[in-house]
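>>> Prediction below, plus the sequence it came from.
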Amino acid sequence: MDPTPAPNTHFGPPPFKFTPKGGSISGKAFSTTFKILATVIVLALSAAFIQAWLAGKASGASVAGGWFIAGLLLVGYTWWCILRSVTRLDEQGLHQTWMWDKHMELRELAYGKLIRVRGLEWLIAPRLYVRTLMGKFSVFYASSPEMVAEFERLVSELKTFRSIR
């Protein structure tokens, strides 16, 4: 019998392990209704700029026109990110494509909370707020019912796992 203790594979609290049903799940981050609303807003802002441009109030030489163009570009980029954003949950972590891709490893999770506005989920996407053991936090959006169900299961298992230890 060997008297030396088994080496510890981790320091601090044990890593959280979670396996989504099916191994991996992904879905759009924002609802179609929200995407349509964002598109209408971007088109309305673009139309307002074009109307001001044609009236001579937003020429490129004026400072106000330059700021409006800069704002319109930022809104347009945000709109593009809303349209293409996808959230994925696998055995390694949470991932979401966004202006900057977000990633959070599951083994580092310390806390999770699913935030939703019941009755308005067709417009306001449920979001998963997660925090690591080091205090880093992130928010992941999901509009598909399957992804929201996995978020609920993840939060439940994480709460049970961290409260026992």
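Arrived safely.
>>> helix/strand/coil for the most centrally placed residue in the chain?
With distances taken as CA atoms, centre = their mean, the chain has Phe140 as the residue nearest its mean C-alpha position (2.8 Å). Secondary structure for Phe140, judged by DSSP: H, G, I helix; E, B strand; the rest coil, is strand.
>>> Start at 589, not 1
In the new count, where the first residue is 589, that last one comes out as Phe728.
>>> What residues does it make contact with?
Shown in contact with Phe728 (CB atoms under 8 Å, 6 or more residues apart in numbering): 617, 675, 682, 684, 690, 692, 715-716, 718, 739. For the C-beta atoms, the positions are set from N, CA and C on the backbone; glycine is no exception.
>>> same thing but at 6 Å, please
675, 682, 684, 716 (CB atoms under 6 Å, 6 or more residues apart in numbering).
>>> Equivalent analysis for Ala698, please.
Remark: with contacts taken as CB under 6 Å, 6+ apart, Ala698 is in contact with 719-721.
>>> Likewise for Leu742?
Applying CB under 6 Å, 6+ apart, the residues near Leu742 are Phe606.
>>> again, but for Thr720
Contact criterion CB under 6 Å, 6+ apart gives 696, 698 as the residues in contact with Thr720.
>>> if we can go back for a sec, so the residue nearest to the centre of the chain versus Ala626, what's the distance?
With distances taken as CB to CB, to the nearest Å, Phe728 is found 18 Å from Ala626.
>>> next one: Cys669
Summarising the geometry, the distance separating Cys669 from Ala626, computed by CB to CB, is 10 Å.
>>> Would you agree Thr607 falls within a helix?
No - assignment of Thr607 by three-state DSSP gives coil, placing it outside any helix.
>>> ok, what's across the strand from the residue nearest to His691 when sequence neighbours are not counted?
Distances taken as CB to CB, 6 or more residues apart in numbering place His683 nearest to His691, at 5.2 Å, with adjacent residues excluded. Residues found in beta-bridge contact with His683 (criterion: DSSP bridges) are Arg676, His691.
>>> Many thanks, we can stop here.
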